[in-house]
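1. My questions concern the predicted model and sequence given below.
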Amino acid sequence: MNIIIAAGGTAGHINPGIAIAQELKKRDSNAKITFIGTDYGLEKELVSKAGFDIKLIHSRGLSRNLIKLAKSAFYNLIGIKESYSILKEIDPDVVIGMGGYVCAPVLFVAKKFLHIPVFIHESNAIAGKTNKFIGGFADGVALGFEVAKKDFNNKNVVVTGNPVRKDFIGVEKTFNSGKKKIVIFGGSQGARNINNAVTDLILTGIDKYNIVYATGKKQFDSVIEKVGTENIKVRIVPYIENMAEELKNADLVIARSGALTVTELCAMGVPAILIPLSTAAENHQEFNAKVMENVGACKIILDKDCNADNIEKAIEEMLAKDAKEISEKAKKVMKLNACEEVYNMIKMYLK
């Protein structure tokens, strides 16, 4: 088999693509899998680290600012030409788009110019503009959440769930009878709004909880400077390398609500306080969070209401609930065999 996976920008697009690539390699050790990404996102680092080849093209999102729009159009025209050259060279059986601006030129050229079968995976609870556009001509659409079906008219729409790393699946989840463990994170770069509220909360004293707090690499120094290190009984780190290990005995998580985060929380059955990024495209993080809220597995705090008082109240509210009951409800939200489901969608096109 010979497959191209287009994924760009954030880990939420790239890591699920890597999970699918690993599944395909398991099924065929001789499979040729090539990623295509942008020249500015996290994909080069993450894909190379996972051991897969990646080719980079120019691609940008469209802006309402005329100068930025002209610049984006210029980059995207270059990206179309680059996509054509790469696709002609590799001649894949199938192209899979996982999200990000890179998907538009790659999948458009593959389908419309070279007649290569294309599939997209929409990981969020509401589809982005790029995936809606691609969904109009794709051979199949895979969805992370059932609720996103309304955004596509494509006849071949399958709710596969979101690809998730193996270490989040089948874990024996435990909860603490004594001091409760709370894990707080805002992504690899951190979330300034969450950091401001959490540092205020730390300074008021929250010693009754066992807290693991990842600030994000860029904001670690400023957080340490604000809270100091004396008499602080909180484990503060820039980034949590082994998230599954931290979550398996966590009583509560405080985080943003990207599709990957919500998927991993549901896979492990971890109750949460979710603070959706207000500037996320199509407000998709709030829609993702509502998937958990609808089954009582999380409390949502909007960005504008993110402060120490509201977080403290939400912590008390969530910890007062039956954690095991919440955990079971969360686990039922998400399908956990997404990689297999995606393979089943594309296998008839593989050579």
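-> Cool, the structure landed.
2. ranges for the helices of the stretch 251-351 of the chain?
-> 259-268, 284-293, 308-319, 323-331, 338-346 (DSSP state H, counting those that start in this stretch).
3. now the first one against helix 323-331, angle please.
-> Angle between the axes of helix 259-268 and helix 323-331 is 130 degrees (criterion: axes from the mean of the first three to the mean of the last three Cα atoms, to 10 degrees).
4. same thing with the longest one?
-> Here helix 308-319 points in a direction 100 degrees away from that of helix 323-331 (the same axes, to 10 degrees).
5. and helix 308-319, which residues are buried?
-> Neighbour-count burial for helix 308-319 flags 308, 310-311, 314-315, 318 (criterion: 16 or more other Cβ atoms under 10 Å). Where C-beta positions appear, they are placed from N, C-alpha and C, glycine not excepted.
6. Then the last one?
-> Counting neighbours by 16+ other Cβ under 10 Å, one finds that the buried residues in helix 338-346 are 338-339, 341-343, 345-346.
7. So M334 is in contact with T263, correct?
-> Yes - counting by Cβ atoms under 8 Å, M334 does reach T263; the two are 5.7 Å apart.
8. Identify the contacts common to the two.
-> 161-162, 164 (Cβ atoms under 8 Å, 6 or more residues apart in numbering).
9. quick one: which of the residues you listed is most hemmed in?
-> N162 (28 neighbours; other Cβ atoms under 10 Å).
10. Mind pulling up the pLDDT for it?
-> Looking at N162, its pLDDT reads 95.
11. Spatially nearest residue to K180, not counting backbone neighbours?
-> Nearest non-adjacent residue to K180, counting by Cβ to Cβ, 6 or more residues apart in numbering: D251, 4.2 Å away.
12. Would you agree that neighbour is in contact with G178?
-> No - here D251 does not reach G178: they are 10.3 Å apart, not a contact under Cβ under 8 Å.
13. Let me know how buried K26 is, in neighbour terms.
-> Using other Cβ under 10 Å as the criterion, K26 is surrounded by 11 other residues.
14. meant to ask about G51
-> 11.
15. Please apply the same query to T279.
-> Neighbours of T279 using other Cβ under 10 Å come to 8.
16. Please apply the same query to L203.
-> L203: 13 neighbours (other Cβ under 10 Å).
17. Give me the three-state assignment for it.
-> Put simply, L203 is helix when judged by DSSP: H, G, I helix; E, B strand; the rest coil.
18. so what's it closest to, chain neighbours aside?
-> Closest to L203 by Cβ to Cβ, 6+ apart is V227, at 6.1 Å.
19. Compute the distance between the one you found and V198, please.
-> 9 Å (Cβ to Cβ, to the nearest Å).
20. So for the two, which sits in the more crowded spot?
-> V198 (26 against 20).
21. List the residues that contact the more buried one.
-> 184, 213, 254, 308, 311.
22. need the residues you listed in a markdown table with pLDDT, can you?
-> Output for the contacts of V198, formatted as a markdown table (pLDDT from 0 to 100):
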| residue | pLDDT |
| --- | --- |
| I184 | 97 |
| Y213 | 94 |
| I254 | 98 |
| A308 | 95 |
| I311 | 97 |
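23. Out of the residues you listed, which comes closest to V291?
-> I254 (17.4 Å; Cβ to Cβ).
24. I figured the closest one hits V270, correct?
-> No - if you go by Cβ under 8 Å, I254 and V270 don't touch, sitting 10.9 Å apart.
25. Which of the two has more residues huddled nearby?
-> Between I254 and V270, V270 has the larger neighbour count (other Cβ under 10 Å), namely 29 against 26.
26. Can you check what pLDDT the model gives that one?
-> With respect to pLDDT, V270 scores 97.
27. repeat for R192
-> 90.
28. Over to R60?
-> Taking R60 on its own, its pLDDT is 67.
29. helix or strand right after the lowest-mean-pLDDT helix or strand in the chain?
-> When the helices and strands of the chain are scored by mean pLDDT, DSSP states H and E, helix 66-90 comes last with a mean of 83. Later in the chain than helix 66-90, the nearest helix or strand by DSSP states H and E is strand 94-99.
30. Just the C-alphas of that next one, formatted as PDB.
-> The C-alpha coordinates for strand 94-99 follow below in PDB (Å, rounded to 0.1, in the frame of the first residue of the first chain):
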ATOM      1  CA  VAL A  94      -5.200   7.000  -1.300                       C
ATOM      2  CA  VAL A  95      -4.800  10.400   0.300                       C
ATOM      3  CA  ILE A  96      -6.100  11.000   3.800                       C
ATOM      4  CA  GLY A  97      -6.600  14.500   5.200                       C
ATOM      5  CA  MET A  98      -6.500  14.800   9.000                       C
ATOM      6  CA  GLY A  99      -7.100  18.600   9.300                       C
END
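31. what's that strand in contact with?
-> 3-9, 12-14, 16-17, 20, 87, 103, 106-107, 110-111, 116-123, 128, 130-131, 134, 138, 342, 346, 349-350.
32. change it to 6 Å
-> For strand 94-99, contacts defined as Cβ atoms under 6 Å, 6 or more residues apart in numbering pick out 3-7, 13, 16-17, 103, 107, 110, 116-121, 346, 349.
33. by how many degrees do it and helix 338-346 diverge?
-> Taking the same axes, to 10 degrees, one finds that strand 94-99 is oriented at 140 degrees with respect to helix 338-346.
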